[in-house]
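Trainee: mind folding the following:
(2 chains)
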There are 2 protein chains.
Amino acid sequence: MPFADPHHDAAELDFLEDFRQMSAFGATDGGGVDREAATPADHATREWFAGRMRDQGLTVGADGIGNLFGTCEFVPDAPFLMMGSHLDSQPMAGKYDGAYGVLAAAHAAARLRAAVEAGTLRPTMNLCVVDWFNEEGSRFGPSMMGSGVYTGVLDRRTALATADRAGVTVAEALGRGPEFPPAELPTPAAYAEIHVEQGRELEDARIPAGLVDRTWGARKFRITVRGEQSHTGAALMADRRDALFGASLIVVAVRRLCARFGHDELRTAVSTLELAPNSPVTIAREVTFQADLRSPDEDVLDAAAELLVEACREAEQEASVVVEQDLTHSWGQLAYSTDGVALARKAAEDLELPHMEVMTVAGHDSTNMKDLVPTVMLFVPSVDGLSHNEAEYTRDEDLLRGVDLLTEVGRRILAGELT
Amino acid sequence: MPFADPHHDAAELDFLEDFRQMSAFGATDGGGVDREAATPADHATREWFAGRMRDQGLTVGADGIGNLFGTCEFVPDAPFLMMGSHLDSQPMAGKYDGAYGVLAAAHAAARLRAAVEAGTLRPTMNLCVVDWFNEEGSRFGPSMMGSGVYTGVLDRRTALATADRAGVTVAEALGRGPEFPPAELPTPAAYAEIHVEQGRELEDARIPAGLVDRTWGARKFRITVRGEQSHTGAALMADRRDALFGASLIVVAVRRLCARFGHDELRTAVSTLELAPNSPVTIAREVTFQADLRSPDEDVLDAAAELLVEACREAEQEASVVVEQDLTHSWGQLAYSTDGVALARKAAEDLELPHMEVMTVAGHDSTNMKDLVPTVMLFVPSVDGLSHNEAEYTRDEDLLRGVDLLTEVGRRILAGELT
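Mentor: Residues are numbered from 1 along each chain as shown, chains lettered A, B, ... in the order given. Below is the predicted model:
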């Protein structure tokens, strides 16, 4: 099948129609979706998706943390090639992030099953499609919750007891959704995931397939600025210990850190920020926020973290506040399976699909899975690299080429090429 | 009665005991109170206070926006000297702010009534103690809600329909509190209020009585920074339009404005700040906050407001965001009744109480009342000027001297000296 064929076959039309239907759940006016984990919109998406998996002959079930599986047994007692991603989204986010990979996995699975039934593929293992619960972590922290519990890096009970801002726990929120049959946990042999790039390296290079070989490193800090509550007008300026002023000095410094390093050697941001008491005419006594530093180079990360400490000391001086810094996440440059990358390269060559190796800056469920089994992580281009944004966009052609690539990767893994 | 008399008489002990009892409602571990308008703690305080007013022979009733009145009729159909302040507080705030003035008014009223009954005071008007509903405006905006509706600057229905962050309206929140008999609205002839200073001018000068003659000017802005939601790691730095970065640049600039003017010519702060979507791993698309500029000098305010506009333009450039500035409040240096100040001076001289004229930086219910009737506003010292803070503190001696002064001011007004 040539790369730029404008004529879609039936399977392709089927995929695009399914994607259109799926994107209606939690649809926003701006063309995106808003379906944080275990909200009614997420539940509705999952129920619809379970139905589509059943239509395709998969056996549907869920585990004790809301991971949704669709399995197909070819070889009794053999382990599984798992393929999937996540259906949940950030608030007011794009419709491709995660959801594309889950639907692509289901369609790839249907094609692979058809190939097995037609006798053109001799599987050495079984097949499982998965929607990992709560990858985003926007409603319930931490992110990658479902794959974290599945791979054993998170405790299931702790995860179930995690509450959102309204005090609703994961267990309660899952209980309000559709009831799926309990699934026997599939034993994994390999994992494959496809995702929109979220950057614009592929798009800028006009390459339709990214083979993820490594992750960027990251240091994430929870920063707490403690000042003193007082009146915004009556308090003398010299007496003030304004936690919001202190926090703002640090937010500015975090961003300006990037200028101290070479082009795109460092990316930084502050995301969540909370004030106490956040009341009019009252200066904040405490502000907490999350600061992320990311780099492909661990030396850069170390240097940036030191500069951040300096910036916190300077804010303490200027705003008369006390700043606490807690390192909450830290990882270096992590490699994906080189055999997996080699297999993905062969698959892309087979399909005559232009491809390149890329790093992922964002975390994915595959970040957890790659520590357990040989893992292939694929990217399709994302126009302008817009992510966590309603305007996130990937062209249909690129979506379809991605399903083809994931199918070919799956075919080779099922055939035993990765073990 | 000499100024520093350590021996309290029965009335003084009674006041301090009442103040102790009242401060138990909504008491915080840090020695303050937390009783935002129409919360259970505010309701409990008001119910207790209504009982104390009844004990003192006042007729208790409330109007349609929750202002609580205790009236005493001496002269049929005559208008009222009203005295009061507010019982509600900011979150985690001091126990003196507002509540001291309400209790002082009730005790002054009891003494004045006794004087009338003893025949030593011939009143030309009636007497009304008032707890103005929701002065702080922290739960339901705007501040000075009760006195605003009473004086006609706020619409009652709009105020009743105002919701807090949980969606509870003023009408609903008031409905959950004690039911007071409906009050006939007292027609005012004059108003007197006593309050802790919230600054430290009196304390630094060791003067126990402040006679408020003017307000500082103020400009308050609601600032909205619009950026674009994106991924904290995956988005290229050059592509980012980070609303929180833009907002932080402005918060820093607002504070640093003060250095551009002479000592204490300008006070500035940012109080409430909200992010959307405030989600981990997601850059904020929009941040809104409240910026306050205050000065005794209107030229300084105008110059500071211009510099703020410049700072917003600079933030737009550096953060690639769009900044909107709405002027929500603006007032100049406003005068209190000069006759009222002269009357208060005579009262202080009578009591041999060292006194000085002061300006108020903060707004008060008297700010509304002074536009309606001759108004006397009094301050007692506040140690270190701590305000909107659990550690707010005024010495018992100063509280008691304040009640004496308010009583003497009330005696003179009742006797007809201000009309």
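
Trainee: name the residues that touch stretch A:333-351?
Mentor: Applying CB atoms under 8 Å, 6 or more residues apart in numbering or on different chains, the contact partners of stretch A:333-351 are A:1, A:3, A:190, A:209, A:211-217, A:296-298, A:354-355, A:357, A:359, A:366-367, A:370, A:374-378, A:401, A:404-405, A:408-409, A:411-413, A:417-418. All C-beta atoms are positioned from the backbone trio N, CA, C, and that covers glycine.

Trainee: scratch that, stretch A:364-372 is what I was asking about
Mentor: For stretch A:364-372, the external contacting residues (CB under 8 Å, 6+ apart) are A:82, A:84-86, A:132, A:135, A:144, A:146-148, A:150-151, A:153, A:188, A:191, A:193, A:195, A:212, A:215, A:334, A:336-337, A:360, A:375, A:377.

Trainee: show me what from the stretch 51-200 of chain A comes close to chain B.
Mentor: With CB under 8 Å from any CB of the partner chain as the criterion, the stretch 51-200 of chain A comes near chain B at residues A:90-93, A:136-138, A:141, A:143, A:197-200.

Trainee: list buried residues within the contacts of stretch A:364-372.
Mentor: Buried subset of those (neighbour count, 16 or more other CB atoms under 10 Å in any protein chain shown): A:82, A:84-86, A:132, A:135, A:144, A:146-148, A:150-151, A:188, A:191, A:193, A:195, A:212, A:215, A:334, A:336-337, A:360, A:375, A:377.

Trainee: which of those residues fall in helices?
Mentor: Residues from the buried ones among the contacts of stretch A:364-372 lying in helices, with DSSP state H as the criterion: A:146-148, A:150.

Trainee: any chance of those residues in a markdown table, plus distance to residue A:283 and pLDDT?
Mentor: Listed next are these as a markdown table, based on distance: CB to CB, whole Å; pLDDT from 0 to 100:
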| residue | distance to residue A:283 | pLDDT |
| --- | --- | --- |
| A:146 | 41 | 98 |
| A:147 | 42 | 97 |
| A:148 | 39 | 97 |
| A:150 | 45 | 98 |
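
Trainee: so who does residue A:218 touch?
Mentor: Contacts of residue A:218 by CB under 8 Å, 6+ apart are A:292-295, A:301, A:329-331, B:233.

Trainee: which among the residues you listed end up buried?
Mentor: Buried among these (16+ other CB under 10 Å): A:292-295, A:301, A:331, B:233.

Trainee: what segments of chain A are helices?
Mentor: A:10-22, A:40-55, A:99-118, A:145-150, A:156-161, A:170-175, A:201-205, A:243-256, A:298-319, A:338-350, A:365-369, A:396-414.

Trainee: can you pull the buried residues of the first one?
Mentor: Think helix A:10-22. The neighbour-count check on helix A:10-22 (16+ other CB under 10 Å) flags A:12, A:15, A:18-19, A:22 as buried.

Trainee: from the contact counts, what lies against it?
Mentor: Packed against helix A:10-22 by the contact rule (3 or more CB pairs under 8 Å, 6 or more residues apart in numbering or on different chains; DSSP states H and E) you find helix A:40-55, helix A:99-118, helix A:396-414.

Trainee: nearest to residue B:69, of the ones you listed?
Mentor: Minimum separation from residue B:69 across those (CB to CB) falls at helix A:40-55, 47.4 Å.

Trainee: and the contacts of that closest one?
Mentor: For helix A:40-55, the surrounding residues in contact (CB under 8 Å, 6+ apart) are A:18, A:21-22, A:25-26, A:33-36, A:60, A:68, A:70, A:87-89, A:99, A:102-103, A:106, A:129, A:131, A:176-178, A:180.

Trainee: any quick PyMOL command for the buried ones out of the residues you listed?
Mentor: In PyMOL, this line selects whichever of the contacts of helix A:40-55 come out buried by 16+ other CB under 10 Å:
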select buried, chain A and resi 18+22+25+26+33+34+35+36+60+68+70+87+88+89+99+102+103+106+129+131+177+180
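
Trainee: quick check: residue A:147 vs residue B:288, distance?
Mentor: Going from residue A:147 to residue B:288 by CB to CB, to the nearest Å gives 36 Å.

Trainee: contact partners for residue A:126?
Mentor: Residues near residue A:126 by CB under 8 Å, 6+ apart: A:71-75, A:78-81, A:186.

Trainee: ugh, typo on my part, it should be residue A:276
Mentor: Applying CB under 8 Å, 6+ apart to residue A:276 gives the contacts A:284-287, B:92.

Trainee: repeat that for residue A:244.
Mentor: Contacts for residue A:244 were tallied using CB under 8 Å, 6+ apart; they are A:225, A:227, A:275, A:283-284, A:287, B:251, B:270-271, B:273.

Trainee: about what we covered before: save the helices of chain A as CSV, and put in distance to residue B:46 too.
Mentor: Shown next, in CSV, are the helices of chain A (distance: least, CB to CB, whole Å):
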stretch, distance to residue B:46
helix A:10-22, 54
helix A:40-55, 40
helix A:99-118, 52
helix A:145-150, 46
helix A:156-161, 39
helix A:170-175, 36
helix A:201-205, 62
helix A:243-256, 32
helix A:298-319, 38
helix A:338-350, 68
helix A:365-369, 54
helix A:396-414, 62
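
Trainee: doesn't residue B:236 make contact with residue A:269?
Mentor: No. Using CB atoms under 8 Å, residue A:269 is not in contact with residue B:236, being 11.8 Å away.

Trainee: tally of neighbours for the residue nearest to residue A:26 when sequence neighbours are not counted?
Mentor: The shortest distance from residue A:26 to any non-neighbouring residue, by CB to CB, 6 or more residues apart in numbering or on different chains, is to residue A:41 (3.0 Å). Neighbourhood size, residue A:41 [other CB atoms under 10 Å in any protein chain shown]: 20.

Trainee: what's the answer for residue A:114, then?
Mentor: Residues near residue A:114, counting by other CB under 10 Å: 14.

Trainee: just give me the neighbour total for the nearest residue to residue A:412 once chain neighbours are set aside.
Mentor: Ranked by CB to CB, 6+ apart and with sequence neighbours excluded, the top spatial neighbour of residue A:412 is residue A:343, at 5.5 Å. Here the count is done by other CB under 10 Å, and residue A:343 has 22 residues near it.

Trainee: please report the distance of residue A:343 from residue B:85.
Mentor: Taking CB to CB, one finds residue A:343 at 76 Å from residue B:85.

Trainee: do residue A:130 as well
Mentor: Counting by CB to CB, the gap from residue A:130 to residue B:85 is 62 Å.

Trainee: if I pick the closest residue to residue A:255 other than its chain neighbours, what's in contact with it?
Mentor: Sequence neighbours aside, residue B:245 is the residue nearest to residue A:255 in space, at 4.9 Å (criterion: CB to CB, 6+ apart). Residues near residue B:245 by CB under 8 Å, 6+ apart: A:251-252, A:255, A:270, B:227, B:318-319, B:321.

Trainee: now the residues you listed as CSV including distance to residue A:390?
Mentor: Formatted as CSV, the contacts of residue B:245 follow (distance: CB to CB, whole Å):
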residue, distance to residue A:390
A:251, 24
A:252, 27
A:255, 24
A:270, 21
B:227, 14
B:318, 25
B:319, 20
B:321, 17
